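Chemist: Would you be able to build a 3D model of this:
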Amino acid sequence: MKKGTMTKSNEDYLEAILVTQRKKGVCRSIDVALHLGVSKPSVTVAMTHLEQMGLVKRDLSQGKALTLTSEGMERAQNVLERHEFVAQVLCALGVPREVAEEDACKIEHDISQTSFDKMRDWYAQHQKQG
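Modeler: Modelled structure (predicted):
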């Protein structure tokens, strides 16, 4: 990473780009704004920051499509994996899907890699037994 600190907001933007790319094949600033419920100018500021950090590129040949660099993709996949796993576990515990998704958005940023790995291993072990 070139400069800047990775924040929850940065992670949300990276995750939004990845999710949108998977759904639509291409991601533009307006897609990110709609996904996160933020203004397009806010996305522009965030994308400039993420570009400076070496995590995002704007592809002018694709109508300013947003693409993740390899480091950006790695970080986005990590955040998305955490989100999906936490939501899955919460739903398995009986938490309604909407609440599980909201809580997963909060937890995905704060859990350490060590705790996440242990939770995932524990869950996988208990899924085999159940």
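Chemist: And for Val89, the neighbour number?
Modeler: 17 (other CB atoms under 10 Å). No exception for glycine: its C-beta is placed from N, CA and C like everyone else's.
Chemist: With Glu51 instead?
Modeler: 16.
Chemist: Would you mark the buried spots in the helix or strand where it lies?
Modeler: Assigned by DSSP states H and E, Glu51 belongs to helix 40-52. Across helix 40-52, burial judged by 16 or more other CB atoms under 10 Å covers 43, 46-47, 49-51.
Chemist: just stretch 97-114 next, same as before
Modeler: 100-101, 104-105, 107-109.
Chemist: same deal with stretch 85-93?
Modeler: Across stretch 85-93, burial judged by 16+ other CB under 10 Å covers 85-87, 89-90.
Chemist: Show me what the helix ranked longest in the chain is packed against.
Modeler: Longest helix in the chain by number of residues (criterion: DSSP state H): helix 70-92. Applying 3 or more CB pairs under 8 Å, 6 or more residues apart in numbering; DSSP states H and E, we find helix 70-92 packed against helix 8-24, helix 97-110, helix 113-129.
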